[in-house]
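Participant: Test case, fold it:
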Amino acid sequence: MSAMSTRRLRVAAAAAVLASGTLLMLPAAPQPQLEPAPPVPPTLDVSATLPDGTTFSPAAVLDPHHVVVQIADADPDTASLALLDPSDRSGSAAPLRLERIPIAGGGSFDAVRAADGHVYWMSSVADDQGGSRTTLHRADASGAAEVLTTDTGRPLFTGGMHDLEIAEGRVWWTATRGLTVPTTDLRSVPLDGGDVTVRPLDGTYHLTAWPWATDDGIGGQPVLQLNLVTGERRTFDEPPGRDVYCGAVWCRTVASTRQSSVVTLHRTDGSGETGRVNVDGEVTLFLDIAALDRFEFLAAPISTQASTSSERLTMFDLRTRRRTPLAVSTAEGLSGSWLWWATGDNETMTWHLLDLAAIP
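Facilitator: Numbers count the residues shown, from 1 in each chain. Purely as a prediction, here's the structure:
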């Protein structure tokens, strides 16, 4: 599974079904009140087509001069991860390639995270046993790259920004431990590489914002969270007909009716209930909940044709309770404090990168 810029979570607008198989009839939810939108800081805009004719998608942002991108190479059998300076208005600067991998047989860049002047990523390539091997890498802003470990286990990739967490001088990730009984390995390695430590966890956990890990539950089971430092546990029940997703600070609840889905949020301690944040036809966009513990992103499809797929992108500010229309976009991504979206298609496609931390 590739964790690139177009990764997203579409909470289906189809009706929720109860155990009896009947359609859940929820009372109509009022549309959220629209207030004047505050101004949005300027974006970094860069053409999605490089001078050699290849195209790219953002994957993470080190700083405004170093954006991590995945490039669709001219050779259709390979892909590259690279650093690109979007402030180079000449368009002549070649991207600084960090790694090129064969994508035949399922090769992919699976998780990318930028932190403290470095970029960390996992890449997978086919092995000679019919499976794949995954490697964890690190590079600095100069492009100097190194392998931190190949002892990655069977990494679990959700497509969220927390698949790799950088904390306490280590890189952390989760891996599938058992296939019959749901169990997870919490794995980590020092930032400079070294021996990998492994801690078994009962359940199917993935990382959210450090130090929390989350088991989303299946089949109506509650959402479970574990503080990996203190051992504190939290449980969130999933009411009939509602899907609950929780990050470290906020939980998102999605209820579906015949007309649309209804998205609400509340803090993990139960406070801060938002009321409905979406309008009819909008769905939540990303697996990650409330970027910077503040911003939730919604999308309303306009066109679903493969060649012209587009949607209205809207930001909901949990601090001000305001909705801000951002763009009609064709692709989106989120990592750290950065949001990006694409407008146009083919030769006209442009990426727009917004630093959410710059919003007052």
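Participant: Return the set of buried residues in the one helix or strand Val328 maps to.
Facilitator: Element membership for Val328 (DSSP states H and E) is strand 322-329. Buried residues in strand 322-329, counted by 16 or more other Cβ atoms under 10 Å: 322-324, 326-327, 329. C-beta here means a position set from N, CA and C on the backbone, and glycine is covered the same way.
Participant: what's the average pLDDT for it?
Facilitator: Mean pLDDT, strand 322-329: 94.
Participant: on contacts alone, who are the packing partners of that strand?
Facilitator: strand 310-317, strand 338-343 (3 or more Cβ pairs under 8 Å, 6 or more residues apart in numbering; DSSP states H and E).
Participant: Just the mean pLDDT for the shortest one, thanks.
Facilitator: Which is strand 338-343. Here the average pLDDT along strand 338-343 is 98.
Participant: Which elements pack onto that strand?
Facilitator: By 3+ Cβ pairs under 8 Å, 6+ apart, strand 338-343 packs against strand 55-63, strand 322-329, strand 331-335, strand 350-355.
Participant: what residue ranges in this structure score low on pLDDT?
Facilitator: Along the chain, segments meeting pLDDT under 70 span 1-38, 89-93, 304-308.
Participant: Next, count neighbours for the spatially closest residue to Thr230 that is not a sequence neighbour.
Facilitator: Distance criterion Cβ to Cβ, 6 or more residues apart in numbering; nearest residue to Thr230, sequence neighbours excluded, is Pro211 at 7.6 Å. Neighbours of Pro211 under the rule other Cβ atoms under 10 Å: 17.
Participant: For Pro211, give its distance to Glu332.
Facilitator: 28 Å (Cβ to Cβ, to the nearest Å).
Participant: Same check on Asp215?
Facilitator: 27 Å.
Participant: do Thr197 as well
Facilitator: Thr197 sits 35 Å away from Glu332, going by Cβ to Cβ.
Participant: is Leu186 in a bridge, and if so with what?
Facilitator: With DSSP bridges applied, Leu186 shows beta-bridge pairing to Thr174, Arg199.
Participant: Then Ala60?
Facilitator: Val68.
Participant: Wait, it touches Leu81, no?
Facilitator: No - in this structure Ala60 lies outside contact range of Leu81 using Cβ atoms under 8 Å: 9.7 Å.
Participant: Show me whatever sits in contact with both of those two.
Facilitator: Taking Cβ atoms under 8 Å, 6 or more residues apart in numbering as the criterion, Ala60 and Leu81 both touch 68, 112.
Participant: about what we covered before: now the strand holding Val328 and strand 338-343, what's the angle there?
Facilitator: Interaxial angle of strand 322-329 relative to strand 338-343 (axes from the mean of the first three to the mean of the last three Cα atoms, to 10 degrees): 40 degrees.
Participant: partners of strand 322-329 in the sheet?
Facilitator: Counting by DSSP bridges, strand 322-329 is paired with strand 310-317 (antiparallel).
Participant: what's next to the partner strand, contact-wise?
Facilitator: Under the contact criterion Cβ under 8 Å, 6+ apart, strand 310-317 has outside partners 32, 38, 274, 277-278, 282, 285, 294-303, 322-330, 332, 339, 341, 359.
Participant: Swap in 6 Å and give it another go.
Facilitator: Residues from elsewhere that reach strand 310-317 (Cβ atoms under 6 Å, 6 or more residues apart in numbering): 277, 295-303, 323-330, 341.
Participant: ok now it, how far from the chain's centre?
Facilitator: For strand 310-317, the distance from its own C-alpha centre to the chain's C-alpha centre is 16 Å (Cα atoms, centre = their mean, to the nearest Å).
Participant: Pull out the CA atoms of it and give them to me as CSV.
Facilitator: Only the C-alpha atoms of strand 310-317 are listed here, as CSV (Å, rounded to 0.1, in the frame of the first residue of the first chain):
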residue,chain,number,x,y,z
SER,A,310,-12.6,16.4,-8.8
GLU,A,311,-14.2,17.6,-5.5
ARG,A,312,-14.7,20.6,-3.4
LEU,A,313,-12.2,20.7,-0.6
THR,A,314,-13.3,22.4,2.7
MET,A,315,-11.5,22.9,6.0
PHE,A,316,-13.3,22.9,9.3
ASP,A,317,-11.5,24.8,12.2
